[in-house]
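A.B. asks: Just need the structure, nothing else, for what follows:
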Amino acid sequence: MSSKHILPLLILALLFSLNLNAQDISIDVLVHNHKTSAPLDSALAKVLRDGVILTSSYTGKDGKTQLTITSTGFKETKSGIPNTFSVSENYPNPFRGETQVDFSLPESQTIRADVYNVLGQRVVSEELPLSAGYYTMNLSLSHLSTGIYFLRFSGIEQQAIKLMKVGSDVHYDTGLLSRGSIQVTASSSAGLPVQKIDGEHGEFTIQVEKDRYEAWSVTNQIESDTQLTVPLFLLAEYLLTDIDGNVYQTVKIGDQLWMAENLRTTRYRNGDAIPANLSNNEWQTTKSGAYAIYPHNDVDGINSDEEMVESYGKLYNWHAVDDDRGLCPKGWHVPSDDEWHTLVDCLGGSDVAGGKMKSTRTELDAHPRWDSPNEGATNESGWSGLPGGQRLFNGIFGFIDSGFWWSSTEDISHTRFAWYRWLYSHLGIIDRRSTCFSKDNAFSVRCIRK
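C.D. replies: Below is the predicted model:
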């Protein structure tokens with residue numbers, strides 16, 4: 001396995017190729033699931049101006065299409081240079097996930113935007129070199145826990161501090177999963193301080209629609225030699241947040257709602273810490289709940305435990321699964337063996353369900369991913385299973401080419417064992433087993449909603 005971890009977003013890559021002697025602008029569009037790398041066919045890509053669709057096209061099986069627009073159709077919606085430096089209150093406020101701030105700059109300068117918690121710890125920071133003009137800043141802060149935060153804007157001899165409140169409601173009609181990105185789009189002809197194409201091209205908006213996927217609409221001016229990255233998001237009934245503040249994407253399969261990522265919590269639902277960092281000897285002898293992190297040094301391209309956890313989650317022994325303090329967030333639980341049966345049956349049975357549950361990601365320069373051949377993988381379900389490996393009963397780590405997930409059901413005929421599911425890189429099946437690996441082993445965990 002190799003390469004750096006890449007955040008679990010869905011990406012639309014837009015590469016602008018411009019003929020400066022003509023009025024036509026060609027936009028090559030590639031739409032793919034960034035977490036699994038599978039191209040998204042039949043995605044509708046649109047270019048809009050003032051809410052009016054200028055052109056649209058569906059992607060093919062390779063996730064690609066081409067849009068052509070005429071630059072002379074664009075006009076500026078707002079022009080001029082503001083007289084004063086100003087920063088609005090963020091809206092909405094309180095918020096959960098995303099909020100916006102409008103600001104104006106009377107002169108070109110580098111603006112620094114920092115978000116602090118009540119302890120004075122900086123949680124997001126960006127430096128923004130901007131020309132004079134009017135701007136809107138979008139803050140994606142879904143990773144922050146409930147509480148009060150402060151946004152500090154600072155420029156040339158200018159500063160503004162705004163109070164923001166992140167609400168406790170984690171239920172959404174659509175789920176937006178982000179890690180604290182700040183995106184700035186210009187709303188005047190001043191724009192960003194980069195070379196523009198001669199002529200009046202103004203701004204346009206790119207949108208994409210695809211089944212359970214939704215584009216975060218992006219407004220930008222047309223620029224030469226520019227590659228724009230626009231996040232797409234998987235629609236979810238809501239995002240799930242654990243007691244540590246980790247945010248998880250969810251996916252509905254049949255009548256069940258599952259986590260679409262592996263559990264990463266360090267604490268039980270009641271706040272008690274789950275023991276970690278056990279030596280091999282301690283791991284062999286414990287009969288209490290514990291978790292482990294697969295050694296990042298054993299995985300090419302992963303440089304820290306944090307990267308390993310972000311890509312593949314933590315590994316928990318079955319004693320943690322069976323603990324009355326609760327391993328999953330409130331309202332969720334580790335699935336029973338019967339609930340696993342329901343999922344597999346919904347996906348057509350064990351012979352094909354494994355492929356429908358596996359991420360298709362196999363790029364050698366990316367994490368998370370499977371090793372080739374990743375047989376049968378389509379991820380049609382959106383479950384996005386990945387190989388987390390395991391920690392064996394003797395404390396040794398192994399099987400990093402496979403994924404293992406606990407059920408909460410004990411094998412009553414062999415009480416040293418509990419039922420689990422096993423995905424392979426070289427097979428498209430999902431395997432149900434209890435023996436081979438005991439309760440003292442550590443597997444990945446997916447939670448299901450009650």
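
A.B. asks: can you give me the strands for the stretch 101-250 of the chain?
C.D. replies: 109-117, 122-130, 133-140, 147-154, 159-166, 182-186, 203-210, 213-215, 218-221, 227-234, 240-241, 247-248, 250-253 (DSSP state E, counting those that start in this stretch).

A.B. asks: elements contacting the helix or strand following the last one?
C.D. replies: Later in the chain than strand 250-253, the nearest helix or strand by DSSP states H and E is strand 256-259. Applying 3 or more CB pairs under 8 Å, 6 or more residues apart in numbering; DSSP states H and E, one finds that strand 256-259 contacts strand 250-253, helix 337-346, strand 448-449. Glycine gets a C-beta too; all of them are placed from N, C-alpha and C.

A.B. asks: Of these, which is nearest residue 150?
C.D. replies: Closest approach to residue 150 among the helices and strands packed on strand 256-259 is made by strand 250-253 (30.4 Å; CB to CB).

A.B. asks: Outline the domain layout of the protein.
C.D. replies: 1-75+200-235, 86-193, 240-449 (automatic domain parsing).

A.B. asks: end-to-end on the last one?
C.D. replies: Criterion CA to CA, to the nearest Å; first-to-last residue distance in domain 240-449 is 10 Å.

A.B. asks: do stretch 98-116 as well
C.D. replies: Terminal residues of stretch 98-116 are spaced 16 Å apart (CA to CA).

A.B. asks: pLDDT on that stretch, on average?
C.D. replies: Average pLDDT, stretch 98-116: 81.

A.B. asks: again with stretch 340-358
C.D. replies: Taken as a whole, stretch 340-358 carries a mean pLDDT of 96.

A.B. asks: chain center to that stretch: distance?
C.D. replies: Stretch 340-358 has its C-alpha centroid displaced from the chain centroid by 24 Å (CA atoms, centre = their mean, to the nearest Å).

A.B. asks: List the buried residues of it.
C.D. replies: 340, 342-344, 347, 350, 352-358 (16 or more other CB atoms under 10 Å).

A.B. asks: coming back round to it: per-stretch mean pLDDT over the strands of the stretch 101-250 of the chain, give me the minimum one.
C.D. replies: strand 182-186 (a mean of 37).

A.B. asks: quick one on the thing from earlier: TSV please, covering the helices and strands packed on strand 256-259 and showing distance to residue 152.
C.D. replies: Below are the helices and strands packed on strand 256-259 laid out as TSV (distance: least, CB to CB, whole Å):
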stretch	distance to residue 152
strand 250-253	33
helix 337-346	46
strand 448-449	38
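
A.B. asks: So which of the ones you listed is nearest residue 263?
C.D. replies: Going by CB to CB, the one of the helices and strands packed on strand 256-259 nearest residue 263 is strand 448-449, 11.4 Å.

A.B. asks: Give me the packing partners of the closest one, helices and strands only.
C.D. replies: Strand 448-449 packs on strand 256-259, strand 332-333, going by 3+ CB pairs under 8 Å, 6+ apart.

A.B. asks: And residue 148, how far from residue 93?
C.D. replies: 11 Å (CB to CB, to the nearest Å).

A.B. asks: what residues does stretch 328-336 touch?
C.D. replies: Residues from elsewhere that reach stretch 328-336, judged by CB atoms under 8 Å, 6 or more residues apart in numbering: 240-243, 258-259, 263, 265, 269, 321, 326-327, 343, 406-409, 445-450.

A.B. asks: thinking again about what came up before, looking at residue 148 and residue 93, which is more packed in?
C.D. replies: residue 93 (15 against 12; other CB atoms under 10 Å).

A.B. asks: my read: that one touches residue 149, true?
C.D. replies: No - the pair residue 93 / residue 149 is not scored as a contact, 10.4 Å apart, by CB atoms under 8 Å.

A.B. asks: Pull up the overlap in contacts between these two.
C.D. replies: Residues touching both residue 93 and residue 149 by CB under 8 Å, 6+ apart: 164, 165.

A.B. asks: coming back round to it: would you turn the buried residues of stretch 340-358 into JSON lines with distance to residue 97?
C.D. replies: Shown next, in JSON lines, are the buried residues of stretch 340-358 (distance: CB to CB, whole Å):
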{"residue": "340", "distance to residue 97": "31"}
{"residue": "342", "distance to residue 97": "30"}
{"residue": "343", "distance to residue 97": "28"}
{"residue": "344", "distance to residue 97": "32"}
{"residue": "347", "distance to residue 97": "30"}
{"residue": "350", "distance to residue 97": "37"}
{"residue": "352", "distance to residue 97": "35"}
{"residue": "353", "distance to residue 97": "32"}
{"residue": "354", "distance to residue 97": "33"}
{"residue": "355", "distance to residue 97": "32"}
{"residue": "356", "distance to residue 97": "29"}
{"residue": "357", "distance to residue 97": "27"}
{"residue": "358", "distance to residue 97": "28"}
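
A.B. asks: coming back round to it: residues shared between the contacts of residue 148 and residue 93?
C.D. replies: 164, 165.

A.B. asks: And residue 403, which helix or strand is it part of?
C.D. replies: Assigned by DSSP H and E, residue 403 falls in strand 402-410.

A.B. asks: can you check residue 310 too?
C.D. replies: helix 305-312.

A.B. asks: List the buried residues of that helix.
C.D. replies: 307, 308, 309, 310, 311, 312.

A.B. asks: C-terminal to that helix, what's the next element?
C.D. replies: Assigned by DSSP H and E, the successor of helix 305-312 is strand 315-317.

A.B. asks: tell me how far that following strand is from the chain's mean position?
C.D. replies: Per CA atoms, centre = their mean, the centroid offset for strand 315-317 relative to its chain is 23 Å.

A.B. asks: Stretch 389-409: which residues count as buried?
C.D. replies: 389-393, 395, 397, 399-400, 402-409.

A.B. asks: Any idea how many residues pack against residue 254?
C.D. replies: 12.

A.B. asks: Just to check, it is in contact with residue 339?
C.D. replies: No - using CB under 8 Å, residue 254 and residue 339 do not qualify as a contacting pair, with a distance of 10.8 Å.

A.B. asks: which of the domains of the chain sits most buried?
C.D. replies: domain 240-449 (a mean of 19; mean count of other CB atoms under 10 Å).
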